[in-house]
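Asker: fold the following and give me the result.
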Amino acid sequence: MSDTPILIILAGGASSRMWPLREKSLLRFGQEPLLLAQLHRYRALGFERVVIVGNNENHEQIRALVEPVPNLSATVVIQPEARGMGDALLCAEPAVSGLQPGAPIYVNQIHDVVEDTLHTGLLDAFRANPTRSYLAGVRMAEYFPGGYLIVDDDGRIRGMIEKPGPENRPSDFVNIVAHIHSDSARLFDAIRAEYAASATPDDHYERAMDRLMKDHVYQVMPYSGRWSALKFPWHTLDVMQHFLDQIDRQHIGDKVYIHPSAAIIGNVYIGDGAKVFPGASIVGPAYVGRGTIVGNNSLVRNSMVLDHCEVGFTTEIARSYVADRCSMHACRVLDSVFAPGVNFSAGCTTANLRIDHGPVPTMVKGQRVVTGRDKLGAIIGANAFIAVDVMTMPGVKIGEGARIGPGTHVHKDVNDFQRVYVKQEIIVEDA
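Answerer: Numbers count the residues shown, from 1 in each chain. Model (predicted):
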């Protein structure tokens with residue numbers, strides 16, 4: 001039996017909840033897409049064989065990313081339809097069987113960003129007793145709307161329950177997808193049986209495990225460290241913060257221009273060829289990418305501004321994620337997420353605070369969702385154009401390629417490629 005399980009990374013499924021952002025596994029936090037950053041971490045932890053489950057839209061990009069990773073044997077398979085985790089694992093089965101039939105596997109989701117201690121704790125436990133299976137359980141004092149583990153006093157997991165409600169929690173262990181299965185063939189057979197028995201809903205993997213737990217030992221591995229899960233677009237800010245906190249010094253790249261009157265404060269990364277003009281301030285933790293311009297009297301703080309952006313005169317960017325090739329001028333970007341190519345014109349502001357100071361809600365697939373964030377600005381899709389003096393209300397999302405006319409106050413989500421503008425009646429009178 002292998003000392004280190006075969007790693008299965010789930011990077012497919014539907015990302016409709018992430019609208020107006022695109023493929024979450026390919027979002028870049030610093031120099032690397034999330035998928036590649038995670039692969040480098042897994043390799044450092046000792047994994048040598050990985051099967052990545054992608055989808056019809058992202059598999060080619062994933063293959064291009066994983067090819068140059070040294071000392072890592074990676075196989076990319078496709079899940080043609082978003083039919084749940086169980087189906088994704090069955091798509092990975094031929095690749096696992098081709099490497100080692102019945103081999104132990106370690107199932108992870110690419111968008112769960114955790115500390116290394118979670119992985120090392122599970123691996124150490126498995127190596128000490130490879131006949132058992134192990135699931136990470138995140139201890140949460142407050143109720144979390146997810147799956148809970150039913151756990152004995154000795155840590156054996158007896159079952160799982162999805163969203164039991166605050167009064168019916170069987171333990172304080174929330175299930176996170178970091179699962180070591182000692183016998184992959186047994187798991188695949190159990191998942192297959194669930195799909196044969198039922199077509200609804202997409203929780204066949206969880207039901208298969210619940211059934212296996214009756215006869216086979218599944219042990220909980222408690223975890224109380226940091227966990228950032230990229231499920232909704234505003235979670236981009238949580239994952240961004242995780243990576244910003246990894247910046248532990250000032251890094252100034254090659255051919256960077258910084259005017260003597262500019263201020264670089266705290267742990268700040270500035271990429272090659274960036275320019276920081278007079279009176280500008282960059283306050284860490286912060287990341288400024290290659291070729292990005294931070295203009296006169298601008299402020300970037302606790303934010304990521306990626307490559308070839310223009311942070312124009314007097315612009316403030318605070319606690320925000322700004323992707324490549326975005327342009328901003330004399331504006332305020334607060335607690336917001338910009339996809340690549342957004343134009344945010346002079347005088348624009350992303351309002352980020354409700355009048356009642358309550359948690360900011362937003363709409364996801366037609367349902368009102370409370371984000372849990374006291375401050376949240378706008379989430380804007382790729383290549384949207386926001387004209388001068390536009391104001392976006394807290395939690396608003398603007399789709400790809402949308403056009404917002406000058407002086408518009410945006411109170412509701414704007415779909416991809418829509419135009420939203422205010423009609424004006426111009427009256428000209430003689431004095």
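
Asker: quick one: residues in contact with the lengthiest strand in the chain.
Answerer: Longest strand in the chain by number of residues, with DSSP state E as the criterion: strand 173-181. Under the criterion CB atoms under 8 Å, 6 or more residues apart in numbering, residues 5, 10, 85, 104-109, 112, 114, 118-119, 122-123, 125-126, 133-140, 144, 146-149, 151, 160, 187, 209, 220, 222-223, 227, 229 lie in contact with strand 173-181. Any C-beta I mention is one placed from the backbone N, CA and C, and that applies to glycine too.

Asker: if we go by neighbour counts, what in it is buried?
Answerer: 173-181 (16 or more other CB atoms under 10 Å).

Asker: one more: stretch 305-320?
Answerer: For stretch 305-320, by 16+ other CB under 10 Å, it's 305-320.

Asker: okay, how far is it across it, tip to tip?
Answerer: 8 Å (CA to CA, to the nearest Å).

Asker: and residue 122, what does it touch?
Answerer: Residues near residue 122 by CB under 8 Å, 6+ apart: 106, 134, 136, 178, 180, 221.

Asker: do that again at 10 Å, thanks
Answerer: By CB atoms under 10 Å, 6 or more residues apart in numbering, residue 122 lies in contact with 5, 106, 134-136, 178-180, 219, 221, 223.

Asker: how about residue 170: what's its closest non-neighbour residue?
Answerer: Distances taken as CB to CB, 6 or more residues apart in numbering put residue 150 closest to residue 170, at 4.4 Å, once the chain neighbours are dropped.

Asker: check the offset of whatever helix or strand that neighbour lives in from the chain's centre.
Answerer: Assessed by DSSP states H and E, residue 150 sits inside strand 147-151. Strand 147-151 sits 24 Å away from the centroid of its parent chain (CA atoms, centre = their mean, to the nearest Å).

Asker: shaky segments in the stretch 1-150 of the chain?
Answerer: Applying pLDDT under 70 to the stretch 1-150 of the chain flags residues 1-2, 13-14.

Asker: show me the strands in it, by range?
Answerer: Ranges of strands within the stretch 1-150 of the chain are 6-10, 49-54, 73-78, 105-109, 112-114, 133-139, 147-151, based on DSSP state E, counting those that start in this stretch.

Asker: measure residue 311 to residue 268 for me?
Answerer: As judged by CB to CB, to the nearest Å, residue 311 and residue 268 stand 14 Å apart.

Asker: what's near enough to touch residue 5?
Answerer: Counted by CB under 10 Å, 6+ apart, residue 5 has contacts 47, 49, 96, 100, 103-107, 122-123, 126-127, 130, 134, 179-182, 184.

Asker: for PyMOL, write a command that selects the buried ones of these.
Answerer: Buried residues within the contacts of residue 5, by 16+ other CB under 10 Å, are selected in PyMOL with:
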select buried, resi 47+49+96+103+104+105+106+107+122+123+126+130+134+179+180+181+182+184
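
Asker: ok, the contacts of residue 122 vs residue 25, which is closest?
Answerer: For the contacts of residue 122, the closest approach to residue 25 (CB to CB) belongs to residue 178, at 16.5 Å.

Asker: quick check: beta-bridge partners of that closest one?
Answerer: Residue 178 forms beta bridges with residue 108, as assigned by DSSP bridges.

Asker: quick one, longest helix in the chain?
Answerer: Counting by DSSP state H, the longest helix found in the chain is helix 84-99.

Asker: ramachandran coordinates for the nearest residue to residue 250 once chain neighbours are set aside?
Answerer: In this structure, residue 250 finds its nearest non-sequential neighbour in residue 268, 5.4 Å apart by CB to CB, 6+ apart. Main-chain dihedrals, residue 268, degrees, to the nearest 10: phi -130, psi 130.

Asker: pretty sure residue 268 contacts residue 305?
Answerer: No. Residue 268 lies out of contact with residue 305 (CB atoms under 10 Å); the separation is 11.1 Å.

Asker: find the residues that touch each one of these two.
Answerer: Residues touching both residue 268 and residue 305 by CB under 10 Å, 6+ apart: 282, 286-288.

Asker: nearest to residue 38 among these?
Answerer: residue 287 (17.9 Å).

Asker: now stretch 420-429: mean pLDDT?
Answerer: Averaged across stretch 420-429, the pLDDT comes to 91.

Asker: okay, how far is it across that stretch, tip to tip?
Answerer: End to end - CA to CA - stretch 420-429 spans 29 Å.

Asker: partner residues bridging residue 251?
Answerer: As for beta bridges, residue 251 partners with residue 269 under DSSP bridges.

Asker: is it in contact with residue 285, as I believe?
Answerer: No. Look at residue 251 against residue 285 with CB under 10 Å: they stay out of range, at 11.6 Å.

Asker: can you give me the helices for this protein?
Answerer: 34-44, 59-66, 84-99, 116-128, 184-197, 204-212, 235-244.

Asker: mind checking how far the first one is from the chain centre?
Answerer: The offset between the C-alpha centroid of helix 34-44 and the centroid of the whole chain comes to 14 Å, using CA atoms, centre = their mean.

Asker: buried sites along it?
Answerer: Buried-residue list, helix 34-44, by 16+ other CB under 10 Å: 34-39, 42-43.

Asker: and if you look at stretch 409-426?
Answerer: Judged by neighbour count (16+ other CB under 10 Å), stretch 409-426 contains these buried residues: 410, 413-414.

Asker: same thing with stretch 379-392?
Answerer: For stretch 379-392, burial by neighbour count (16+ other CB under 10 Å) applies to 379-387, 389-392.

Asker: tell me the domain ranges of this structure?
Answerer: 6-231, 243-420 (automatic domain parsing).

Asker: ranking those domains by burial, who's on top?
Answerer: domain 243-420 (a mean of 20; mean count of other CB atoms under 10 Å).

Asker: what's the first-to-last distance across it?
Answerer: In domain 243-420, first residue to last residue: 35 Å (CA to CA).

Asker: shaky segments in the stretch 201-350 of the chain?
Answerer: Along the stretch 201-350 of the chain, the parts satisfying pLDDT under 70 run over 201.

Asker: ok, 90 please
Answerer: Along the stretch 201-350 of the chain, segments meeting pLDDT under 90 span 201-204, 206-207, 210, 224, 229, 231.

Asker: all good on my end, thank you.
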